[in-house]
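> no letters, just coordinates:
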């Protein structure tokens, strides 16, 4: 006996990525070709759209539109940063019930997994059959229980490309260059800068991640040492670097509804680090700080092909897992089967595994106070794919006259 | 009777561009296949390398290395920001003489043209036959006597791509987004952000350039108006915006050897504008400011094909102009012959035309206090080439229940 037909609702949440719409389209194409599905809808601005009943019909969307949407960064369904209360989750569930939504997919990070988890538990409590699946995405790569997260490799590709540019730029006009990279709790994206190292003296020469306590004195000393040796120094630093007590180096007053302090969209940390270097090493030093902006997650043309394909696949597989009705809820994880050739498998995981907690870089991937270890390169390279190779002149000497 | 053979020396100066090495390679390939040339050398760090006699042999460089160097951003010969004194120019000339340099090419902006101009005049004064050519490059597009400058279109492409990303990003998570773009004296690069407008409500919604006096009150009012209408607002603002008296909105203390105040490599302007909006429109507003960094001139993969080809061509033509010995000095200018199809010609211009003064955007290219006029789009589009087209869902409505 086949199950009664139900409606599918898909939402996107949190900061967008280059490939978040690949997951959306993977969900839509799988769901709308499934016999158990009546309608495939999207909720605008994620959870907010559920409360406001702002739904759009994705089942009727043209296939060619979906395909171009898949290749566009940003959240096509629009996104939201919202940690709903228990009461809001109950209201949301009454909306889902009224619309006969039996499959809810939430594309997002660990906060979205937590929301999905709460919705699933309320549905179970009241005896409403609802399949709730979280579809992972985050440029931060900080979800637990997965080898890596869709969205990360493309952001890593952008960051590495920026550092490739900085290597040739700072070699042209020497000085100290600090680049502040997104990553509140984990250094994955900052660490990706090391892919820009092509020649022996290329940067980033120093890499500071939140996994290691940031010591301003060590920082000044390390920059000074590189600068004296090479005549230039390129530094990658996570926006979330903090001291051993967890105090951020550059504190901001603004806090979002998740209780997270605003770090992006401000040049404060970079400027503060630059000022520190000048005060300690000399005001005449050429020190510049760039704070990488939203381009890290939305620059057109940065998508990694592996990332795009995997983001599509987790969407498809989440739809299949839910529509096969084998488990009421879950998330999709990526398992690395082999590095050369690069091969992964996907598996369903429990929501509780991903919700709330984040995954920092393991100690085995880091080396000392300001660098990554070699295994990180093996981990990252196949995800990001080939990068442009900066060429140098041979500097063939001319005899003095 | 053929002229005696002499040596060629090439230097790069000022901020690098995506295509500055195309000009270098255009010069090298033309010069080294010329009968009148003994050696083709490069000077490391431009004028500084002349004083220090830091030369490299470009004539012996492999062709395949040159080709990959041409495609690499940054100044392959390394660059310098230096406004030499008269005495330094005289010393430089004695070096050139000692090395029998008869052709000196300086790839740079208006400051480099001025240096070339001084060198040419000293050579004439002392009766040393020296052909001195300036080869234009600048992402700022602010050289006089030319339709546009090699380097500009690729930087414009990067800036437009960032705004394409911001359009989908800020539509996902609405708020006010300020992007600070390079451009000390001229708004050309900031104005290029308008290429990101694809849909009717796309940004940048407001464009502030140094050609128009910046009025903080007008800025706050305009942002408020767009935000009330669309629920979001994306602003492009030049780092060099200033009031009617020429005072920069965000002043810095650091001054380079040209007397230019440091603007880039600091988030001060963006943060100050964001703070102004919050103080006037509400502290709870989501306001973010990104200061576009060195990626504007060095991001790998942003080069415009038209720009790359033209940068190569000005190098070739400068070499031909000098080596044909028709005029002792000059610079290369681009003349636009036709817009559709896009077609340009090149001509030699006098150094004095390009030296010192810069070229702001003409009034006919601007509209009101915060936008460009349509002729600017006709001017810019063929230089930058096709950009990715962001796709949106159709937002087909779902009936309320």
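Nice, thanks for sending it over. This is a predicted model, so every value here is computed, not measured.

> give me the low-pLDDT residue ranges for the stretch 201-350 of chain A?
Low-confidence regions of the stretch 201-350 of chain A, defined here as pLDDT under 70, cover residues A:251-265.

> in stretch A:331-348, what's buried?
Going by neighbour count (16 or more other Cβ atoms under 10 Å in any protein chain shown), the buried part of stretch A:331-348 is A:331, A:332, A:333, A:334, A:344, A:346, A:348. For the C-beta atoms, the positions are set from N, CA and C on the backbone; glycine is no exception.

> wait, is the third one part of a strand?
Read that as residue A:333. Yes. Residue A:333 sits within a strand when classified using DSSP: H, G, I helix; E, B strand; the rest coil.

> what's near enough to touch it?
Residues in contact with residue A:333, defined by Cβ atoms under 8 Å, 6 or more residues apart in numbering or on different chains, are A:136, A:145, A:146, A:147, A:346, A:347, A:348, A:349.

> identify the bridge partners of the first one.
The residues paired with residue A:136 through beta bridges, assigned by DSSP bridges, are residue A:108.

> what about the helix ranked longest in chain A, average pLDDT?
Scanning chain A for the longest helix, with DSSP state H as the assignment, gives helix A:152-172. Taken as a whole, helix A:152-172 carries a mean pLDDT of 98.

> what comes up buried for the one helix or strand residue A:90 maps to?
The secondary structure element spanning residue A:90 is helix A:86-98 (assigned by DSSP states H and E). Of the residues in helix A:86-98, those scored as buried under the neighbour-count criterion (16+ other Cβ under 10 Å) are A:88, A:89, A:92, A:93, A:95, A:96.

> need those in a markdown table (columns: pLDDT and distance to chain B).
Putting the buried residues of helix A:86-98 into a markdown table (pLDDT from 0 to 100; distance: Cβ to the nearest Cβ, whole Å) gives the following:
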| residue | pLDDT | distance to chain B |
| --- | --- | --- |
| A:88 | 97 | 19 |
| A:89 | 96 | 19 |
| A:92 | 98 | 14 |
| A:93 | 97 | 14 |
| A:95 | 98 | 9 |
| A:96 | 98 | 11 |
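
> ok, which pair from the residues you listed is furthest apart?
Checked with Cβ to Cβ, these reach their widest spread between A:88 and A:96, with 12.5 Å between them.

> ok, now which ones touch the residue of chain A found nearest chain B?
Shortest chain A-to-chain B distance, computed as Cβ to the nearest Cβ: residue-wise this is residue A:267, at 1.3 Å. Under the criterion of Cβ under 8 Å, 6+ apart, the neighbours of residue A:267 are A:180, A:289, A:291, B:266, B:267, B:268, B:270, B:271, B:289, B:291.

> of those residues, grab the buried ones for ChimeraX.
The ChimeraX command for the buried members of the contacts of residue A:267 (criterion: 16+ other Cβ under 10 Å) is given here:
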select /A:180,289,291 /B:266,267,268,270,271,289,291
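
> okay but residue A:308 is in contact with residue A:19, surely?
Yes. Taking Cβ atoms under 8 Å as the contact criterion, residue A:308 and residue A:19 are neighbours in contact, 5.0 Å apart.

> which one of those two is surrounded by more residues?
Just comparing residue A:308 and residue A:19: by other Cβ atoms under 10 Å in any protein chain shown the higher neighbour count belongs to residue A:19, 32 against 20.

> how about the nearest residue to the more buried one, chain neighbours excluded?
Distances taken as Cβ to Cβ, 6 or more residues apart in numbering or on different chains put residue A:311 closest to residue A:19, at 3.8 Å, once the chain neighbours are dropped.

> am I right that the one you found is in a helix?
Yes. Counting by three-state DSSP, residue A:311 is part of a helix.

> residues in contact with it?
Under the criterion of Cβ under 8 Å, 6+ apart, the contact partners of residue A:311 comprise A:17, A:19, A:20, A:22, A:23, A:26, A:137, A:150, A:151.

> residue A:151 is in contact with the first one, correct?
Yes. Under the criterion of Cβ under 8 Å, residue A:17 makes contact with residue A:151 at 3.1 Å.

> common neighbours of those two, please.
Contact criterion Cβ under 8 Å, 6+ apart; residues shared by residue A:17 and residue A:151: A:137, A:138, A:139, A:297, A:311.

> what number of residues lie near the second one?
For residue A:138, the tally of surrounding residues (other Cβ under 10 Å) stands at 27.

> phi and psi next, for it.
Main-chain dihedrals, residue A:138, degrees, to the nearest 10: phi -180, psi 130.

> check contacts around it.
So, once contact is read as Cβ under 8 Å, 6+ apart, residue A:138 ends up touching A:14, A:15, A:17, A:108, A:109, A:110, A:149, A:151, A:152.

> for residue A:316, which non-adjacent residue is spatially closest?
Once its chain neighbours are removed from consideration, residue A:316 has its nearest residue in residue A:26; the separation is 4.1 Å (Cβ to Cβ, 6+ apart).

> so does stretch A:186-206 get close to chain B?
No. For stretch A:186-206 and chain B, the contact criterion (Cβ under 8 Å from any Cβ of the partner chain) is not met; the two come no nearer than 9.0 Å.

> repeat for stretch A:35-54
Yes. Judged by Cβ under 8 Å from any Cβ, stretch A:35-54 comes into contact with chain B through A:39, A:41, A:42, A:44, A:53.

> list the buried ones in that stretch?
Of the residues in stretch A:35-54, A:36-37, A:39-51, A:54 count as buried by neighbour count, 16+ other Cβ under 10 Å.

> dump the residue contacts of the nearest residue to residue A:174 once chain neighbours are set aside.
Nearest non-adjacent residue to residue A:174, counting by Cβ to Cβ, 6+ apart: residue A:232, 4.3 Å away. Residues near residue A:232 by Cβ under 8 Å, 6+ apart: A:170, A:171, A:174, A:175, A:176, A:177, A:203, A:226.

> repeat that for residue A:287.
Remark: with contacts taken as Cβ under 8 Å, 6+ apart, residue A:287 is in contact with A:175, A:176, A:177, A:178, A:274, A:277, A:278, B:265.

> for the second one, name its beta-bridge partners.
Put plainly, it is residue A:176. Going by DSSP bridges, residue A:176 is paired in beta bridges with residue A:233, residue A:287.

> mind checking how far it is from residue A:210?
Separation of residue A:176 from residue A:210 (Cβ to Cβ, to the nearest Å) stands at 22 Å.

> so what's the backbone phi/psi at the residue of chain A closest to chain B?
Backbone torsions of residue A:267, given as degrees, to the nearest 10, read phi -100, psi 10.

> now do residue A:56
phi -130, psi 150.

> give me the number of neighbouring residues for it.
Look at residue A:56: counted by other Cβ under 10 Å, it has 21 neighbours.
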